[in-house]
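**Q** Structure, please.
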Amino acid sequence: MWSHYASSHSGICLKFRLRPESWITSARKVLYSADRPTMNIISDPSEEIQRKSILFKADFWAYEDEWRVINPALGAGSHDFDPNDLVDIIFGKNISADHKSEIIKLASKYGKNFELIQASIDDVHYRLNFDPI
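**A** Numbering: from 1, shown residues only. As a prediction, this is how the structure comes out:
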């Protein structure tokens, strides 16, 4: 998902510790299918309509292994999280030095040692490697 959602590997990925009271635990696994789900907006329960319209993607995206947070009480947009739940910060292989420095400075304000990891490409095997900084 780095190439699609992290500006061609120039962004970051955050890894969280999950606790029952965290809104992040409402994340649901995306379902991949060759066929689009059908729904009846009159007779299907609203939860089923929501699930079918938000959690399904074409099967050619299955390599993403995506999860989505669906929590109507939160509403759309960005949401705060407990910094104690942040475990890792993974920097994309193409992140700028300035952006990386800014993220490290912001993270250090919380006085917690996050695992800082740099993604790189193993040219021999064409896979992402994640090395501690």
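**Q** distance of Pro20 from Asp85?
**A** Counting by CB to CB, to the nearest Å, the separation of Pro20 from Asp85 is 12 Å. Backbone N, C-alpha and C define where each C-beta goes, glycine included.
**Q** Neighbour count for the two, which is higher?
**A** Just comparing Pro20 and Asp85: by other CB atoms under 10 Å the higher neighbour count belongs to Asp85, 15 against 5.
**Q** Double-check the more buried one against Ile24; I have them as touching.
**A** Yes - counting by CB atoms under 8 Å, Asp85 does reach Ile24; the two are 7.1 Å apart.
**Q** Need the residues touching each of those two.
**A** In terms of CB atoms under 8 Å, 6 or more residues apart in numbering, Asp85 and Ile24 are both contacted by the residues 16, 18.
**Q** Now do the buried residues in the lengthiest strand in the chain.
**A** Counting by DSSP state E, the longest strand found in the chain is strand 115-122. For strand 115-122, a neighbour-count test (16 or more other CB atoms under 10 Å) marks 116-119 as buried.
**Q** what do you get for stretch 12-30?
**A** 12-13, 16, 24, 27, 30.
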